[in-house]
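Chemist: Coordinates for the following, if possible.
(chains A, B and C)
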Amino acid sequence: MTLQSQTSDLLPGFDHAAFDSNAVFRVLLDAMSRPGCIYDLPVSIATPDGLNASATATLLAMADMDTTIWLSTSCMTKAANDHLKFHCGCPISDDVAQADFAVARIDDDLSFITRLSMGNAEYPDQSATLILMVDDITNAPAMKLTGPGIKDSHDLAIKNLPASFHTWRAENHHMFPCGVDVIFASLTQISALSRTTRIEVI
Amino acid sequence: MEQTVNYSADGATAYNFAYLDEQTKRMIRRALLKAVAIPGYQVPFAGREMPMPYGWGTGGVQVTAAVIGPNDTLKVIDQGADDTTNAVSIRQFFAKTANVATTEKTAEASIIQTRHRIPEKELREDQVLVYQVPIPEPLRFLEPRETETRKMHALEEYGLMHVKLYEDIARHGHIATTYAYPVMVDDRYVMDPSPTPKFDNPKMNDMAALQLFGAGREKRIYALPPYTKVKSLDFEDHPFEVQTWKDECGMCGARDSYLDEVILDDQGNRMFVCSDTDYCSERQEAGHRGPQHHDQPLGKAAREKAAE
Amino acid sequence: MYVAVKGGERAINNAHRLLAEQRRGDKKVAEIQTDQIEQQLSLSVTRVMAEGSLYDRDLAALAIKQARGDLIEAIFLMRAYRTTLPRFAFSKPIKTADMDISRRISATFKDLPGGQILGPTFDYTHRLLDFTLMANGEEPLDAPCGEHPVDDHMPRVLDDILNDEGLIQDEPVPVDDTAPVADLTREPVKFPAGRDLRLQNLSRGDEGFVLALGYSTQRGYANSHAFVGEIRYGSVSVEIEPEELGFAIDIGDIELTECETVNKFKGSKTKLPQFTRGYGLVFGQNERKAISMALVDRAMRADEMGEQIMGPAQDSEFVMEHSDNVQSTGFVEHIKLPHYVDFQGELELVRRMRTEVEERLAKLDTETARPQPEAAE
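Modeler: Take a look at the predicted model:
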């Protein structure tokens, strides 16, 4: 096998593995700790077809051979597959129930989300994280968020978030401590919903 | 078989930024994200052997190593003090392996790693407090088996803890727990705040800073996101209360801080000083004086005596 | 006058210099070289490799030198180094049946195919101090070569001999030898733990701890009278199969001691009586550890055998949580770190409780001393 032919089409990963993945992780940690706060993606990064920059950076920072990734049909391009396999060395599964990280676009069919792992009562951490690529994240008052990490309340708006998402999310919140955490990834920004976050759709 | 070991000129091998390899950091980071998403729940993680002994802060060190970046400023305290030997040792470790700025000033730090205290100064949203935790399981001394305690947390079955606290009251008239005093997080998980004195418990509630807890030997990570409800367990007829002192700090005169008792001689003379050394020196710089401060040739105690 | 303690950094640096001086000892005595340790303190070296979970004789010798001969400290140094090493590959299962044997004995059969091979052992030395080792150094000795080479084929007593009759519990070899094996250095341990994790834990567990637990099973704290079916010591080759090659390559040899015990089992209404077994495997020549490990492994199979838990060695959570000497030494010794903040809390509480009791007693005294207006009915 010739490594050369495989790597020639590949895009680079982080410029500096330790510093860039740290910077991305700190944004994710802040975002998960303060649901609804919006953070700028702290690095610029090459993006394979099928993914956007924030989702790519999140996966490069968090995924490796110990995490299974599931990609929605629109994300599952050859470029994305090669990119993740090369830079993260992670298994990519077509069984959504196996996913540690599931990646989809907001205009995909989101019916898969009910099959994501929520962990169990003794190990609620053994749950999936949903990375949802979105077009726009703002502080417009579409959702009013309360719960741990939020002083009083936060407003958050995700463009084109379907009603089915809210139905699922309400059930998900009800299952606490089990549940799926959500990372919204736009081209340049990141925001998160922890499973603890209560959402009031305004 | 031929063995080769690569040594650099100074006898040390080259380590990654902040010592841990990137894969280990990712594993810890994933655990941290779950920890903040499930406040108070202990996330198992594959803790690594660190170049310092278990029980000496390896959990806190691993959490700090996973979180710290080149632009951070690190403060490390043990017993509230920056200059205790283990705090010095951990601070040196990160100064060496991560080449980060360090500080003794609470206000200047972006990450504060602590053993046994929460700083007196209110922490801000842009700060992270990392606790070193010896025994993360608040139910461990009531039930030594992990298989059992995990079930209790799953079922939210905390009767055993309440019985224990109530027995204390029946026997001693008090809840006889002065440190590692259990708390209820966001009305769901009973959590060990690490062996901080219960004096510090109220600071955890609704704190603006992110609080991360690392237990290296027991391989658990847990967290409190900012602005999370943290309530010390108590009973209606025996409400939670913190320690108080009759004395003030001998150096800065503070009456609102946790005081250490210092034995001055073998005649039973003692004084009290702030355990938080940065808080104390900041107050002294601002001109506050306690009775035993060396600026006070006639300290308050002496003045009172003279007035008689 | 009170001055807050400062100078922790200087104190630490000076402590390290003192430590280095003590390590070196009297400078009139030649400095010990790591190759001397590696060759002449070889059992220390293998213990450090076994409990350090890292097979590297040179590094183990260095660790022993640096730790001034404190083996737990040396194990700790190895572990801390090991944790920084990248994982390139997983080996294929080693084949102890193909071991290049240095010693092999069975206690259950007088003779057996392949023979009893006594090999290097302290077993029959009379424990008399050999003062010539101190006085003149020893004569260079060459051990005599056997007249016959040992058999190439050295069948394993339990699998290849006893199992023919079905007298011993079958230990199914996994069909897929590429199936993942748990690794407690890579993932958090969950209880109840599988046998792979239990064995890994014991193999790198503290020799003294495993020995004491093994001993306890012989004294009634578990119902398991054991025979040593076989103990063998020698070297085996380690193979890895790099994905890009598609075939296995030999990357070197390691020395191992393997012990299999045969234990009683009564059988049940539905099962024929059968012997059960325990397994021990450890780096280097360490029969004490390998036998103890096999005893504790068998004891920890209580659940699987439906046996009542009677002793700590059968309690796998207890065993696994306390076997690691790097963990236990750290936590035991950490109580010498300052704890004065917590102690202050306890002081305050004890004083307060004493005052309250004294006040109560004093009140009681005055009440009883006061003349009662009317006697109670």
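Chemist: Against chain A, how distant is the residue nearest the centre of chain C?
Modeler: For chain C, the residue whose C-alpha lies nearest the mean C-alpha position (CA atoms, centre = their mean) is C:Gly205; its distance is 2.6 Å. Applying CB to the nearest CB, to the nearest Å, the value for C:Gly205 to chain A is 25 Å. Yep, even glycine has a C-beta here, placed from its N, CA and C like the rest.
Chemist: Pull the number of nearby residues for the residue of the stretch 151-300 of chain C found nearest chain A.
Modeler: Nearest to chain A, among the residues of the stretch 151-300 of chain C, is C:Glu244, at 6.4 Å (CB to the nearest CB). Burial of C:Glu244 is recorded as 6 neighbouring residues (other CB atoms under 10 Å in any protein chain shown).
Chemist: isn't there a helix covering the residue nearest to the centre of chain C?
Modeler: No - looking at C:Gly205 with DSSP: H, G, I helix; E, B strand; the rest coil, it is coil, so not inside a helix.
Chemist: what number of residues lie near the closest residue in space to it that isn't next to it in sequence?
Modeler: If you skip the residues right next to it in sequence, C:Gly205 has C:Ser323 as its closest partner in space, 3.3 Å away by CB to CB, 6 or more residues apart in numbering or on different chains. Residues lying near C:Ser323 (other CB under 10 Å) number 21.
Chemist: for the one 10 residues further on, same thing?
Modeler: Burial of C:Glu333, expressed as a neighbour count using other CB under 10 Å, amounts to 13.
Chemist: That one in helix, strand or coil?
Modeler: Going by three-state DSSP, the secondary structure assigned to C:Glu333 is helix.
Chemist: now chain A, which segments are flagged as low pLDDT?
Modeler: Counting by pLDDT under 70, chain A has low-confidence residues at A:1-8.
Chemist: Contact partners for the most centrally placed residue in it?
Modeler: If you average the C-alpha coordinates of chain A and look for the closest C-alpha using CA atoms, centre = their mean, you land on A:Ile131, 1.9 Å from that point. Under the criterion of CB atoms under 8 Å, 6 or more residues apart in numbering or on different chains, the contact partners of A:Ile131 comprise A:Ala55, A:Thr58, A:Leu59, A:Phe101, A:Ala102, A:Val103, A:Ala104, A:Ile183, A:Ala185.
Chemist: how near is the residue nearest to C:Gly205 to chain B?
Modeler: Plainly put, C:Ser323 is 13 Å away from chain B if you go by CB to the nearest CB.
Chemist: Am I right that that residue is in contact with C:Asp206?
Modeler: Yes - using CB atoms under 8 Å, C:Ser323 is in contact with C:Asp206, at 6.0 Å.
Chemist: which neighbours do those two share?
Modeler: Counting by CB under 8 Å, 6+ apart, nothing touches both C:Ser323 and C:Asp206.
Chemist: Below-threshold pLDDT in the stretch 151-300 of chain C: ranges please.
Modeler: Segments of the stretch 151-300 of chain C classed as low confidence (criterion: pLDDT under 70) are C:172-175, C:177-178, C:266-268.
Chemist: Enumerate the residues of it near chain A.
Modeler: If contacts are counted using CB under 8 Å from any CB of the partner chain, the residues of the stretch 151-300 of chain C sitting beside chain A are C:Arg186, C:Glu187, C:Glu244.
Chemist: For the chain, which segments count as helices?
Modeler: Chain wasn't specified; assuming chain A. Secondary structure of chain A by DSSP state H: the helices cover A:3-7, A:17-33, A:53-62, A:78-87, A:163-174.
Chemist: could you do chain C instead?
Modeler: With DSSP H as the criterion, chain C has helices at C:8-24, C:34-40, C:42-52, C:57-66, C:71-82, C:131-135, C:195-203, C:207-218, C:287-299, C:302-305, C:316-322, C:325-333, C:340-369.
Chemist: And for the stretch 151-300 of chain B?
Modeler: B:159-172, B:201-204, B:277-285, B:300-307 (DSSP state H, counting those that start in this stretch).
Chemist: what about the third one, near chain C?
Modeler: Read that as helix B:277-285. Yes - with CB under 8 Å from any CB as the criterion, chain C is reached by helix B:277-285 at B:Thr277, B:Cys280.
Chemist: on contacts alone, who are the packing partners of that helix?
Modeler: Based on contacts counted as 3 or more CB pairs under 8 Å, 6 or more residues apart in numbering or on different chains; DSSP states H and E, the elements that helix B:277-285 packs against are strand B:73-78, strand B:270-274.
Chemist: Buried residues, it. List them.
Modeler: B:Thr277, B:Asp278, B:Tyr279, B:Cys280, B:Ser281, B:Glu282, B:Arg283, B:Gln284 (16 or more other CB atoms under 10 Å in any protein chain shown).
Chemist: Let me know the average pLDDT across that helix.
Modeler: Mean pLDDT, helix B:277-285: 96.
Chemist: Tell me if I'm right that C:Glu258 and C:Gly278 touch.
Modeler: No - C:Glu258 is beyond contact range of C:Gly278, at 11.8 Å (criterion: CB under 8 Å).
Chemist: With C:Asp196 as the reference, measure out to whichever residue of the stretch 251-377 of chain C sits closest to chain A.
Modeler: The stretch 251-377 of chain C approaches chain A most closely through C:Glu317 (14.8 Å), counting by CB to the nearest CB. Using CB to CB, to the nearest Å, C:Glu317 is found at 16 Å from C:Asp196.
Chemist: What of C:Thr96?
Modeler: According to CB to CB, C:Thr96 stands 16 Å off from C:Asp196.
Chemist: neighbour count winner among the two?
Modeler: In this view C:Thr96 and C:Asp196 are compared by other CB under 10 Å, and C:Thr96 has more residues nearby, 18 against 14.
Chemist: Tell me, how many residues neighbour the closest residue to chain B within the stretch 101-250 of chain C?
Modeler: With CB to the nearest CB as the measure, the residue in the stretch 101-250 of chain C that lies nearest chain B is C:Pro188; the distance is 3.5 Å. Other residues within reach of C:Pro188 by the criterion other CB under 10 Å amount to 17.
Chemist: likewise B:Ala170?
Modeler: Residue neighbour count, defined by other CB under 10 Å, stands at 7 for B:Ala170.
Chemist: Next, work out how far apart it and A:Glu122 are.
Modeler: For B:Ala170, the distance to A:Glu122 under the criterion CB to CB works out to 32 Å.
Chemist: residues contacting the closest residue to the residue of the stretch 251-377 of chain C closest to chain A other than its chain neighbours?
Modeler: Nearest non-adjacent residue to C:Glu317, counting by CB to CB, 6+ apart: C:Phe191, 5.0 Å away. C:Phe191 sits next to B:Arg145, B:Glu146, B:Thr147, C:Ser316, C:Glu317, C:Met320 when contact means CB under 8 Å, 6+ apart.
Chemist: which one of the residues you listed has the most neighbours?
Modeler: When neighbours are taken as other CB under 10 Å, the top entry among those is C:Ser316 (25 neighbours).
Chemist: just so I have it, where are all the strands in chain B?
Modeler: Counting by DSSP state E, chain B forms strands over residues B:43-44, B:73-78, B:101-102, B:111-115, B:128-132, B:183-185, B:189-191, B:210-215, B:220-224, B:230-232, B:259-263, B:270-274, given from the N-terminal end onward.
Chemist: Could you tell me how many residues sit around C:Ala135?
Modeler: There are 8 residues near C:Ala135, going by other CB under 10 Å.
Chemist: what does B:Asp276 give?
Modeler: The burial metric for B:Asp276, expressed as a neighbour count using other CB under 10 Å, is 28.
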